[in-house]
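Enquirer: below is the sequence, then the predicted model.
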Amino acid sequence: MAAVRICTLSGNMQALQVSISKAINRVTINSQKLSKIHALLITSGLGRSVFFAGKLISKYSYVTDVTSCLLIFRSMMHTGNVYLWNSIIRACTHNKMYAKALDMYSELRGERLIADTHTFPSVISACAGLLDIEMGESVHNHVKELGFGSDVYIGNALIDMYARLGDLGKAHTVFEEMARKDIVSWNSLIFGYSANEYWVEALEMYNQLRGIGIVPDLFSVSSVLPACGGVLAFNDGEIVHGLVHKIGIGKDVLVSNGLLSMYRKFGMLMEFRRIFDEMIVRDVVSWNTFVCGLSESGLFEESIMFFKRMVSVFKPDLLALTSIFRACSNSGDLRLGKYAHDYMKKCGTVTDTVASNVLIDMYGKHGDLLSSRNVFDQLTSKDRVSWNSIISCYILHSCSEEWVKLFKMMKMKTQPDSFLLVMLLSQGTHLGNKSLGIQLHCELMKMGFDADIFIGNALIDMYAKCGNIEDSNYLFRTMKCRDNVTWNTMIVSSVHSGNCFRGMELAAEMRVAGVLPDATTMLCVLPLCSLVAAKRQGKELHGCIYKLGFDSDVAVGNALVEMYSKCGNMKNCLRVFELMKTKDVVTWTALISAYGMYGEGQKALSTFHAMEATATAPDHIVFIAVLFSCSHSGLVEEGMACFNNMKNVYNIEPRREHYACVVDLLSRSGRLSEAEQFILSMPIEPDASIWGALLSACRRSTDTSIAERVSERIISINSNDTGYHVLVSNIYASLGRWDKVKTVRKSIQDKGLEKDPGCSWIEIQNKVYVFGVGTNVFAQYEEVRKLISELSDLMAKEGYVADLECVLHDIEEDDKRSMICGHSERLAIAFGLLNTKAGTPLQVMKNLRVCGDCHTVTKYISKIMKREILVRDANRFHLFKDGVCSCKDHW
DNA sequence: CTAGGGTTAG
């Protein structure tokens, strides 16, 4: 500007022109400076120069001052100069005044002026902006008539126009016909495919671009990222991500938002978080994507936390509010939801359909049906989702009259979709209503919804839960496509139907099928690992969880703690526990149970007290764990104190399970008559489980009268649980009452009950070997047999005498002896000894409780063979070392 | 580049 002033003063016109020209070029978005230059031009007499008028129009256009553009243009009228026309059309298009731009174009043609190549790009963009197909095609024809078909800028504009009009065929044709293409041509086409969700084509074009060696830019990248996310092209996505760093566009908001959104679609939480963390500039989109992504992954609390951080920087828009309603509907925080709702009302966007639909759901999930209904009634444009949401609220709260009424109303306005049917189906499943399920299955087949994957999944679940595992399998096999939920459902169904092996198999098949597991998959498979003590699979899952970023999920963490403890890996169990950022009652319960199973009663108690110190409210389940731990460590007084505190301090009414634990606690410590008195003084009716707890302790007592009394009680209760019948039968056997044994066994048979066959298993070099009672078909049977008999001799020298009372059959002594030796845990241990190097610790699992003689024998073996042997039975762990067991014979 | 309802786990 200083230079301009000097030139003006000196009167050197040529120098003045040059300096003004330079000054104009430098002006960016500062409209004040622009008006000064404009004034200078007028005073210096250069105002009528076409060159400067064009420059000014273009500059005013950039500061969105179209009025000034038009004023300048009109003041230059009848110059007949196309350059000026181009400037004004460009200015209009640039400021989204598309109709005005097209008016100017018509005016230009009316003036019989010939448009040039610079005219068309903005005219074409204007057609695209107005979504005016007819006009667009007519302009395209005009371009052809004038022979401008080979102009790169016009071609690019045409590609972009057809893409925005959704006609990718034409866009591609224009692209193909272009003799010369630049990066913008490619970008326009990739963007077009991507914006219209032709993910595969977008990716293909991007890869073609890469194939011919052109380096993509920021726009190519931000167009292809949604496509990678859309088709879950993990490899392509990661390659693009790599390229972003290589060409240094990682700092760009558009690009990093694209990456953020892609990893969100991939479900890769860890990368998703990292991208967000490392962003230098974050806009509303970044925040919305992040908050919404967290919520989508079930991390509602965290989503709320980031929402709160977001609103300290940005005013939340409708999208952000919608996300937070969703998070609130799935977390306990209804207050925040209500607060945000009030805020939305103040902003005057109450009637937004999407947001209102989430609100209906939010209030419904929190049981506030009235508010749900209010939002629904006030909604001016209800769509299918609105109807589904309000109806599902009533279904969820079993208000059948109300939902049927609404359902009828809905059918008058809009066609019901599969969503409602899925909801009904699952509700029927939860209520165990099989006939409703089958009826719905027929209905939805008539309606043609049977190919819907959600319907399929719900049906599989329905049949499995109703006990038709065959039908459920059939549906699974014949399904056209399966997703992670399908697999999760199948895995859980197999486990519930008692087929753990099938569950494991399905988990492996799922992986082979390339279906990405989600947090729920982990929650389905981890308990399975815990159940069968699948150490290796468990660890692999942990790795997977870490990689996919599910480790911040509390439920997943809890499942990991349990898995490690049940697999005998206390070290990792503790490590996971300690690393968990948020812990809930379940987390603490898992660790307390773990200590309980290892007979570490004191540690269990101190863990419980540590939990109390964190102000985590105990529930009735954590007390079961604490009582169990005390009972397995002989901490009678401490256990009783907890039992009393539960009621007096925490106001939790003891349930049957708690009473059973106390009975167990007392009787395990030999206080049998006290236990009996306790049962008789309980405020609830004792059932087989309560008497059973007492009876199992009677086996180690000499007081036969109490055993007989309790046995009679259990039989009179007439339970259908095989376990208690077997227990009674065993007690009679140990008392030598073979007549009674026969009666009980007959009653078991009459009832058609089956005894759980005992089995043990051991994992050696990633292979699991299973042994049942009297198994004699495995490869090394003879060697195992020989080893057991050699060990018997060695043990006899140490003073071992077989405790034949553990064999509860009415057979000869010798047969008893050989039967004991065939107990599955013994076979597994011997097999382990044969197949591992000296000194290697062994780990054996058993589905039932370990018998007294096997317990003694294992102690001897640990001493003689100098091995640590960890045995997990149905109840707890026994660590045998140097002739003693960690349970101190208290199990 | 960002927002809504359905299935699985607990």
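Expert: Yep, that arrived.

Enquirer: going forward, measure contacts and count neighbours with C-alpha atoms only.
Expert: Fine.

Enquirer: and the most centrally placed residue in chain A, how close does it get to A:Val586?
Expert: Chain A has A:Ala519 as the residue nearest its centroid, 3.9 Å off, counting by Cα atoms, centre = their mean. Using Cα to Cα, to the nearest Å, one gets 17 Å for the distance from A:Ala519 to A:Val586.

Enquirer: same deal with A:Leu548?
Expert: For A:Leu548, the distance to A:Val586 (Cα to Cα) stands at 23 Å.

Enquirer: for A:Gln14, same thing?
Expert: A:Gln14 is 84 Å from A:Val586, by Cα to Cα.

Enquirer: more neighbours, the two?
Expert: A side-by-side neighbour count of A:Gln14 and A:Val586, using other Cα atoms under 10 Å, places A:Val586 first with 19 against 9.

Enquirer: who are the packing partners of the host helix or strand of that one?
Expert: Counting by DSSP states H and E, the element that carries A:Val586 is helix A:585-597. Applying 3 or more Cα pairs under 8 Å, 6 or more residues apart in numbering; DSSP states H and E, we find helix A:585-597 packed against helix A:554-566, helix A:570-579, helix A:601-613, helix A:620-633.

Enquirer: CA atoms of the longest one as CSV?
Expert: C-alpha atoms of helix A:620-633 as CSV (Å, rounded to 0.1, in the frame of the first residue of the first chain):
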residue,chain,number,x,y,z
HIS,A,620,-25.3,-59.7,46.9
ILE,A,621,-23.0,-61.5,44.6
VAL,A,622,-19.8,-60.1,46.0
PHE,A,623,-20.9,-61.4,49.4
ILE,A,624,-21.3,-64.9,47.9
ALA,A,625,-17.6,-64.6,46.8
VAL,A,626,-16.5,-63.4,50.2
LEU,A,627,-18.4,-66.1,52.1
PHE,A,628,-17.1,-68.8,49.7
SER,A,629,-13.5,-67.6,50.3
CYS,A,630,-13.9,-67.7,54.0
SER,A,631,-15.4,-71.1,53.9
HIS,A,632,-12.6,-72.4,51.7
SER,A,633,-10.0,-71.1,54.1
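
Enquirer: for that helix, what is the average pLDDT?
Expert: The average pLDDT within helix A:620-633 is 93.

Enquirer: same thing with the second one?
Expert: Rounded to a whole number, the mean pLDDT of helix A:570-579 is 96.

Enquirer: how about the nearest residue to the closest residue to DNA strand B within the stretch 451-600 of chain A, chain neighbours excluded?
Expert: Closest to DNA strand B within the stretch 451-600 of chain A is A:Val485: 3.8 Å, counting by Cα to the nearest atom of the strand. Counting by Cα to Cα, 6 or more residues apart in numbering, A:Val485 lies nearest to A:Asn457, which is 6.9 Å off, once chain neighbours are set aside.

Enquirer: can you tell me the helix or strand for the one you found?
Expert: Per DSSP H and E, the secondary structure element for A:Asn457 is helix A:453-465.

Enquirer: tell me what that helix is packed against?
Expert: Counting by 3+ Cα pairs under 8 Å, 6+ apart, helix A:453-465 packs on helix A:418-430, helix A:434-446, helix A:469-478, helix A:484-496.

Enquirer: if we can go back for a sec, residue contacts, the residue nearest to the centre of chain A?
Expert: For A:Ala519, the contacting residues are A:545, A:550, A:553, A:556, by Cα atoms under 8 Å, 6 or more residues apart in numbering.

Enquirer: return a PyMOL selection command for the buried portion of those residues.
Expert: Buried residues among the contacts of A:Ala519 (16 or more other Cα atoms under 10 Å), as a PyMOL selection:
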select buried, chain A and resi 545+550+553+556
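
Enquirer: and the contacts of A:Ala519, which two are furthest apart?
Expert: Taking Cα to Cα as the measure, the contacts of A:Ala519 span a maximum distance of 9.7 Å, between A:Ile545 and A:Asp553.

Enquirer: look at the nearest residue to A:Tyr363 once chain neighbours are set aside and tell me its secondary structure.
Expert: Nearest non-adjacent residue to A:Tyr363, counting by Cα to Cα, 6+ apart: A:Ser372, 5.3 Å away. Of the three states, A:Ser372 takes helix under DSSP: H, G, I helix; E, B strand; the rest coil.

Enquirer: who does the helix or strand containing A:Tyr339 touch, helix- and strand-wise?
Expert: Element membership for A:Tyr339 (DSSP H and E) is helix A:334-347. Here helix A:334-347 is seen to pack against helix A:318-330, helix A:353-365 when contacts are counted using 3+ Cα pairs under 8 Å, 6+ apart.

Enquirer: between helix A:318-330 and it, find me the angle.
Expert: Going by axes from the mean of the first three to the mean of the last three Cα atoms, to 10 degrees, helix A:334-347 is angled at 150 degrees with respect to helix A:318-330.

Enquirer: list the buried residues for helix A:334-347?
Expert: So, applying 16+ other Cα under 10 Å, buried residues of helix A:334-347: A:334, A:336-338, A:340-341, A:344.

Enquirer: got it, and stretch A:168-188?
Expert: Buried, per 16+ other Cα under 10 Å, within stretch A:168-188: A:168, A:170-172, A:174-175, A:178, A:181, A:184-188.

Enquirer: try stretch A:835-853
Expert: Buried residues in stretch A:835-853, defined by neighbour count with 16+ other Cα under 10 Å: A:841-847, A:850-853.

Enquirer: next to DNA strand B, which bits of the stretch 651-800 of chain A? Give me the list.
Expert: By Cα under 7 Å from any atom of the strand, no part of the stretch 651-800 of chain A sits against DNA strand B.

Enquirer: which ones are touching whichever residue of the stretch 651-800 of chain A sits closest to DNA strand B?
Expert: Residue nearest to DNA strand B within the stretch 651-800 of chain A: A:Glu657 (16.7 Å; Cα to the nearest atom of the strand). Going by Cα under 8 Å, 6+ apart, A:Glu657 touches A:Ile624.

Enquirer: okay, it: pLDDT?
Expert: pLDDT for A:Glu657: 90.

Enquirer: so it is in which element?
Expert: According to DSSP H and E, A:Glu657 maps onto helix A:656-668.

Enquirer: good, we can wrap up now.
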